[in-house]
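[1] test case, fold it:
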Amino acid sequence: MGQPGGQIAVSPGALLTHANRIEAVGGELGTAKAAGDSVRVGVDAYGKLCTFVPALLDTLQDTLIDAIDAGAQSLHDTGERLRTVAQSYTGSDQASAAATGVLQGQL
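    Here you go, the predicted structure:
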């Protein structure tokens, strides 16, 4: 997005599109979290000799579910921030256009 002379060109529409994509991935992670929350290994899944395995898997699963949830929340937060930035760019562009119109009217 770099321009000659050190200027930066930003498309608010592209930011909004990116925000939608990021939030969609966040939604998919939310679905993965819900699946992880609802599916657990039964206590008898590994027989009588390996009764410790489900407890170990539960601990690992809890850690993974927490990480998935953190990722989903982060993606949703990022999407919201991108929307805010897009609105700021749009507002700045509109204010600049209005100021330019006023100056042109004075010439």
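[2] tally up the residues packed near residue 13, please.
    11 (other Cβ atoms under 10 Å). Just so you know, the C-beta spots here come from the backbone N, C-alpha and C atoms, and that holds for glycine as well.
[3] can you read off the pLDDT for it?
    Residue 13 carries a pLDDT score of 94 in this model.
[4] host element of the nearest residue to it once chain neighbours are set aside?
    Of all residues not flanking residue 13 in the chain, residue 86 sits nearest, at 7.7 Å (Cβ to Cβ, 6 or more residues apart in numbering). Secondary structure assigned from DSSP states H and E places residue 86 in helix 52-106.
[5] for that helix, name the packing helices and strands.
    helix 12-38 (3 or more Cβ pairs under 8 Å, 6 or more residues apart in numbering; DSSP states H and E).
[6] poorly predicted segments of this protein, please.
    1-4, 102-107 (pLDDT under 70).
[7] so which residue is dead centre in it?
    residue 75 (1.6 Å; Cα atoms, centre = their mean).
[8] the nearest residue to that residue once chain neighbours are set aside and residue 66, how far apart?
    The shortest distance from residue 75 to any non-neighbouring residue, by Cβ to Cβ, 6+ apart, is to residue 26 (3.2 Å). Separation of residue 26 from residue 66 (Cβ to Cβ, to the nearest Å) stands at 15 Å.
[9] who's more crowded, these two?
    Counted by other Cβ under 10 Å, residue 26 and residue 66 do not tie: residue 26 has more neighbours, with 18 against 12.
[10] so the more buried one is in contact with residue 80, correct?
    No - look at residue 26 against residue 80 with Cβ atoms under 8 Å: they stay out of range, at 10.2 Å.
[11] list the contacts of the residue nearest to the centre of the chain.
    Contact analysis of residue 75 by Cβ atoms under 8 Å, 6 or more residues apart in numbering lists 22, 23, 25, 26, 29.
[12] ok, now with 10 Å
    Residue 75 is in contact with 19, 21, 22, 23, 24, 25, 26, 27, 28, 29, 30, counting by Cβ atoms under 10 Å, 6 or more residues apart in numbering.
[13] cool, thanks, signing off.
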